[in-house]
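>>> got a predicted structure plus its sequence, pasted below:
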Amino acid sequence: MIRILKQIIRTGIVTEELPPEVDAEITETGAKLEEAIKKRFRRSLTIRQVDAGSCNGCELEIHAINNPIYNCERFGIHFTASPRFADMLLVTGPVTRNMEIALHRTYNSTPSPKFVVAVGDCGCSGGIFGESYASIGSVDKVIPVDAYIPGCPPTPAAILNGILKAVGER
Amino acid sequence: MSVLIDAITPVLGSDFRRDEGLHPSSIVSYIVSREKFAEASKAMKKAHALLAAEWAADETLFGRGFGIYACYRWGAEYLIIKTEAPLDDANFPSLTKNFLPAYRFERQIHSLMGVTPAGHPDLRPWIKFEDWPEDAWPLRKSFDASKPMPRVFGEYKFVRAEGEGVYEIPVGPVHAGIIEPGHFRFQAVGEDILNLEERLGYVHKGIEKRFESLSWHEGSRLAGRVSGDTTIAHSLAYCMALETMTGCKVPERAQWLRALFLERERIANHLGDLGAICNDAAFAFMLYQMSRLREIMLRTNHKLFGHRFMMDRIIPGGVTVDIDSEGKELILEELRKLLKEFNKLVIIYDENSSLEDRVRDTGILIPDKARDICAVGIVARASGLNLDCRTQNPFPPYDRVEVNVPVLISGDVHARAWVRVEEVRESIRIIRRILETLPSGGISAECGIPSPDASGFSAVEGWRGEIIYWLQAGPDGGINRCMARDPSSVNWLGLEQAVLGNIVPDFPLCNKSFNQSYSGHDL
């Protein structure tokens, strides 16, 4: 136990100001956003992530926005296990034929009003997998999408920035 | 002398020919009749070989029927046995009697290629869903992959258990966390798991078919996205298979840099896994600490190589990024800090008795079963199987870098975690050695295009385990078939075995300790 406490104290708070490439933008959107999230979502924006066919690359980076360095909870963002509690669906793609029905069901289970954000090149356009017998392609071919975060995979900073922007613009 | 060839020669008699098109020439491939295909597998079983992969290729463009391939491994040796089935009599004898993993390989062949494994006990579709048209065999050349398929009515029959107090829990495909989709069906009595049936295929993107419409060069990009967390190992395996076919000599410096990327990928993933395993045992402290260390590695990757996962940094013929002395210093400094912190965390893991209570004796995959399912990688090494391509089938530079392979026999969650701990330390040592000895010279060479009907084979030890690629060039010189076998294709079977008799709430913990890829399996 002592070791755990020591490690915690030694580590301190590692949460960073966001990296410089997005920092300027994000402090701005972040400030606006905190405002919006406070007002619109009563300090909490709840996200359900749905992997509709991705290679798992985007998931790793979405995981990373939860790590202590990016710490998305400081903006009032957190991930939920059920679409019924969600304000936003964060969907990675390409949407496979085998996931199409599950994605529809998840979308329908999410209470309105809801946001859908497509993450990654594949979610935005189908990416390298394209459209085929097995892959339907971009997320907006299956459910309405409000915002896009391209990248293969997008960096955690880009994902965070994208989410904040999506909420801010609406 | 070769053990596998010695074992198979008496069975085959004179009724075979050698496949001269296969590269590298160190790997032997025999073409046999369909009857001998099954007999050969019996001989392989007797010789204690493992079935590494089984796949089919549509060879109608060469004027042949279907080629069915079985790849066996014994220690450092690989042996490929091929048989052919004509288009109008598309079947071959099933190997399921002798090798358990053939169970899924053959269901996949049956579902996607439309070649029937005669004698297979369970021909329910696999990866192909019940709402696909029955005659949709995407891997056949006659199949038009660009058109969407209509949905038809069908039902998947899960294995049922009945009796007093037996109930069923369906889980997925959309899971509770930020993870890939798949379906698990539990039969349980109280909290005890009687049976677990996996149903995968949700992230089937048609990758193998997609390869056939890409150029050889683009193929390496797609291979890097078979499983996003294993991008280096997959693109490396693809490139190595291609390079053996074209006879491309990869510059030495590029080979060492590839190994550097491979080990960095291993460390980053193991750190993430160790944190996630502890988190599933309600020890969130470790998740945050480990994800912090993982983030440090990914940032160094981004800084030095321009991408956090180093995607597309390996191309046919070499690599796209080099490292200078400043970069070396940066990595050494990063590793010094990382190892120091990591060791502290490992002590905390080791001394935490409530964590120990969860991870020890949970989800045991006993060595015999690991052998039966022909497990590979971390899963195999945690269950007493000493398997590692880096030592047994060393591709350069591993023929010059000593690798110590940790092997544990308890086969529980702790063993799978501890193999990762040891491998992180070992990989740090390997990276230091690589940076010390990194030869000078160019970082890429012209790769060229393989000749028609040539095929190439490679095996690479990714962080999950052995990845196998088999490429075949078509008559026009393009990709006729690309077979990618992620470790997950066999190791998923291990999870079904390991959870038996455990309680349902321990399933996430067991699952995390395996952490197999859905995307790499579904393709």
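Sure thing, it's come through. Residues are numbered from 1 along each chain as shown, chains lettered A, B, ... in the order given.

>>> against residue B:99, how distant is the closest residue in space to residue B:72 that isn't next to it in sequence?
Nearest residue to residue B:72, sequence neighbours excluded (Cβ to Cβ, 6 or more residues apart in numbering or on different chains): residue B:49, at 4.2 Å. Just so you know, the C-beta spots here come from the backbone N, C-alpha and C atoms, and that holds for glycine as well. Using Cβ to Cβ, to the nearest Å, we find residue B:49 at a distance of 9 Å from residue B:99.

>>> is the helix or strand hosting residue B:221 positioned near chain A?
Remark: residue B:221 resides in helix B:216-223, with elements defined by DSSP states H and E. Yes: interface with chain A: helix B:216-223 contributes B:221-222 (Cβ under 8 Å from any Cβ of the partner chain).

>>> alpha carbons only: can I get that helix in CSV?
The C-alpha trace of helix B:216-223 is given here as CSV (Å, rounded to 0.1, in the frame of the first residue of the first chain):
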residue,chain,number,x,y,z
TRP,B,216,1.8,-5.4,-54.5
HIS,B,217,3.0,-2.0,-53.0
GLU,B,218,-0.5,-1.0,-51.8
GLY,B,219,-0.8,-4.4,-50.2
SER,B,220,1.7,-3.4,-47.5
ARG,B,221,-0.6,-0.5,-46.5
LEU,B,222,-3.6,-2.9,-46.2
ALA,B,223,-1.6,-5.5,-44.3
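
>>> and it, which residues are buried?
B:216, B:219-223 (16 or more other Cβ atoms under 10 Å in any protein chain shown).

>>> so what's the closest residue to residue B:87 other than its chain neighbours up against?
Distances taken as Cβ to Cβ, 6+ apart put residue B:65 closest to residue B:87, at 4.8 Å, once the chain neighbours are dropped. Listed by Cβ atoms under 8 Å, 6 or more residues apart in numbering or on different chains, the contact set of residue B:65 reads B:59, B:84-87, B:90.

>>> can you pull the contacts of residue B:353?
Counting by Cβ under 8 Å, 6+ apart, residue B:353 has no contacts.

>>> check which residues of stretch B:55-64 are buried.
B:55-59.

>>> surely residue B:275 and residue B:291 touch.
Yes: Residue B:275 is within contact range of residue B:291, at 5.3 Å (criterion: Cβ atoms under 8 Å).

>>> higher neighbour count, those two?
residue B:275 (26 against 23; other Cβ atoms under 10 Å in any protein chain shown).

>>> ok so residue B:249 is a helix residue?
No: counting by DSSP: H, G, I helix; E, B strand; the rest coil, residue B:249 is located in no helix; its state is coil.

>>> give me the pLDDT for residue A:25.
Looking at residue A:25, its pLDDT stands at 55.

>>> likewise the one 3 residues further on?
Predicted confidence (pLDDT) for residue A:28: 63.

>>> so which residue is smack in the middle of chain A?
residue A:90 (4.7 Å; Cα atoms, centre = their mean).

>>> just confirm it is within a helix.
No: using three-state DSSP, the secondary structure at residue A:90 is strand, not a helix.

>>> show me what the top strand by length along chain A is in contact with.
For chain A, the strand with the greatest residue count under DSSP state E is strand A:45-51. By Cβ under 8 Å, 6+ apart, the residues outside strand A:45-51 that reach it are A:37, A:58-59, A:62, A:75-83, A:85-92, A:99, A:103, A:106, A:110, A:163, A:167, B:174, B:178-181, B:203.

>>> show me what counts as buried in that strand.
Neighbour counts over strand A:45-51 (16+ other Cβ under 10 Å) mark A:45-51 as buried.

>>> okay, now the unreliable bits of chain B?
B:1 (pLDDT under 70).

>>> max-length helix in it?
Using DSSP state H to define each element, chain B has its longest helix at helix B:252-280.

>>> by contact count, what packs against the helix holding residue B:221?
If you count contacts as 3 or more Cβ pairs under 8 Å, 6 or more residues apart in numbering or on different chains; DSSP states H and E, helix B:216-223 packs onto helix B:207-211, helix B:231-246, strand B:314-315, strand B:479-485.

>>> let's have the ones you listed in a markdown table, adding distance to chain A and mean neighbour count.
Conversion of those to a markdown table gives the following (distance: least, Cβ to the nearest Cβ, whole Å; neighbours: other Cβ atoms under 10 Å in any protein chain shown):
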| stretch | distance to chain A | mean neighbour count |
| --- | --- | --- |
| helix B:207-211 | 6 | 23 |
| helix B:231-246 | 7 | 27 |
| strand B:314-315 | 15 | 24 |
| strand B:479-485 | 12 | 24 |
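
>>> out of these, nearest to residue B:268?
Nearest of the helices and strands packed on helix B:216-223 to residue B:268, taken as Cβ to Cβ: helix B:231-246 at 10.0 Å.

>>> for the closest one, name the packing helices and strands.
Partner elements for helix B:231-246 (3+ Cβ pairs under 8 Å, 6+ apart): helix B:216-223, helix B:252-280, strand B:314-315, strand B:455-461, strand B:466-473, strand B:479-485.

>>> how about 6 Å then?
Secondary-structure packing of helix B:231-246 (3 or more Cβ pairs under 6 Å, 6 or more residues apart in numbering or on different chains; DSSP states H and E): helix B:216-223, helix B:252-280, strand B:314-315, strand B:455-461, strand B:466-473.

>>> could you export that helix as CSV, CA atoms only?
Presented in CSV, the C-alpha positions along helix B:231-246 are these (Å, rounded to 0.1, in the frame of the first residue of the first chain):
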residue,chain,number,x,y,z
THR,B,231,0.5,-2.8,-37.8
ILE,B,232,4.3,-3.3,-37.8
ALA,B,233,4.3,-7.0,-37.5
HIS,B,234,1.6,-7.5,-40.2
SER,B,235,3.2,-5.2,-42.7
LEU,B,236,6.5,-6.8,-42.0
ALA,B,237,5.2,-10.3,-42.5
TYR,B,238,3.6,-9.2,-45.8
CYS,B,239,6.7,-7.5,-47.0
MET,B,240,8.9,-10.4,-46.1
ALA,B,241,6.7,-12.8,-48.0
LEU,B,242,6.8,-10.5,-51.0
GLU,B,243,10.6,-10.0,-50.8
THR,B,244,11.3,-13.7,-50.8
MET,B,245,9.2,-14.0,-54.0
THR,B,246,11.0,-11.2,-55.9
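
>>> now do it: everything it contacts.
Residues outside helix B:231-246 that contact it (Cβ atoms under 6 Å, 6 or more residues apart in numbering or on different chains): B:23-24, B:216, B:220, B:223-224, B:226, B:258, B:261-262, B:265, B:309-311, B:314, B:316, B:447-448, B:450, B:454, B:456, B:458, B:460, B:462, B:467, B:469, B:471.

>>> that helix vs helix B:252-280, what angle?
150 degrees (axes from the mean of the first three to the mean of the last three Cα atoms, to 10 degrees).

>>> so which strand or helix has the residue lying farthest from the centre of chain B?
The outermost residue of chain B relative to its centre, with distances by Cα atoms, centre = their mean, is residue B:164 at 39.6 Å. Using DSSP H and E, residue B:164 falls within no helix or strand.

>>> who touches it in this structure?
Counting by Cβ under 6 Å, 6+ apart, residue B:164 has no contacts.

>>> look up how far chain A lies from it.
Relative to chain A, residue B:164 is positioned 32 Å away (Cβ to the nearest Cβ, to the nearest Å).
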